[in-house]
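Participant: Sharing a sequence plus its predicted fold:
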Amino acid sequence: KRVVIFASGGGSNFENLVRNSNDIGMEVIGLIVDKPNAFAINRAEQLKIPYSIFDRKEYKSRQDFESDILEKLSEMDVDYLILAGFMRILSTEFVDKYDRKIINIHPSLLPAFRGATAIYDAYMYGVKVSGVTIHYVDSGVDTGEIIAQKSLYIEDGESLDSFEEKIHQLEYDLYPATLKKLFKGDVRE
Ligand code: GRF
C-alpha cells in the first residue's frame, strides 16, 4: 500500500512507521505537516521522505487548508492516510473523500479520554488501566470505528513520565502491527 503520514509534532510514530514500513507492507510516499516547526520535518529529512508543509495559520479557513492538501494528495496515488500525532480535525467533506482510508492512533482506550491531552487526562483521573487505540477517522474528535486496542496497567505510585513512556512503547508496537494486519486483509475494512 502507498501511504501518506500526517503529523503535527515530534513525529516519533512517523519515524517508527517508516522504519517498519517493509515489514508492514507499505511504502511511505510522503509526510504532511500542518506546522512549519514540527520536529517530524527533521525526521523526514533524515529518513529521505518527501514532505509538504501546510501551515494552517497561513489559511483563512479550514476549507482552503484542506483543499490544498487534497490537491497535493490527488497528485500522489495514495491508498491510505495515516495520522500520527496530527492535531487537526478533518472536515466531513475531506473524510468522505477517503472513506475508511484514514487511520489514527490515540493514546487512550477510547471512548475514554478523547482529545489532545489523553495521557495526562487518564493519569490525572487515576485510572488503573489505560492503553492505545487505532481507529478509522471520521469528522468527530476521536470518534471513528475502532480497529484495535491494547491495554496496560498503571502501577500504584507510577509517575506520569513512566506512564507516558509505556504508552509510547505500546504505540510503537500496536500501530505497525495493526497496519500490517489491515493491509494483509486480516481486519475487516
Ligand atoms: C502520540 O501519543 C499519538 O497517539 C498522539 O500524539 C502523539 C504523537 O507523538 N495522537 P509523535 O509525534 O508520534 O512523537
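Facilitator: That came in fine, so what should we check first?
Participant: Which residues are in contact with the residue nearest the centre of the chain?
Facilitator: Central residue of the chain (C-alpha atoms, centre = their mean): residue 84, 2.3 Å from the mean position. When contacts are counted by C-beta atoms under 8 Å, 6 or more residues apart in numbering, residue 84 is found next to 5-7, 11, 13-14, 17, 105, 175. In short, each C-beta sits where N, CA and C put it, glycine included.
Participant: element containing the one residue in the chain that gets nearest to the ligand?
Facilitator: For the chain, the residue closest to the ligand is residue 85, as judged by C-beta to the nearest ligand atom, at 2.7 Å. Under the assignment given by DSSP states H and E, residue 85 is not contained in any helix or strand.
Participant: Give me the neighbour count for it.
Facilitator: 22 (other C-beta atoms under 10 Å).
Participant: Pretty sure it sits against residue 15.
Facilitator: No. Contact criterion C-beta atoms under 8 Å: residue 85 and residue 15 do not qualify, at 11.0 Å.
Participant: got the CA coordinates for stretch 26-33 in PDB?
Facilitator: Provided in PDB are the C-alpha atoms of stretch 26-33 (Å, rounded to 0.1, in the frame of the first residue of the first chain):
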ATOM      1  CA  MET A  26       3.600  -0.300   2.800                       C
ATOM      2  CA  GLU A  27       5.600   2.500   1.200                       C
ATOM      3  CA  VAL A  28       5.600   5.900   2.900                       C
ATOM      4  CA  ILE A  29       5.400   8.200  -0.100                       C
ATOM      5  CA  GLY A  30       5.200  11.400   1.900                       C
ATOM      6  CA  LEU A  31       4.700  13.300   5.100                       C
ATOM      7  CA  ILE A  32       2.200  16.100   5.600                       C
ATOM      8  CA  VAL A  33       2.600  18.500   8.500                       C
END
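Participant: I am finished for the moment; much appreciated.
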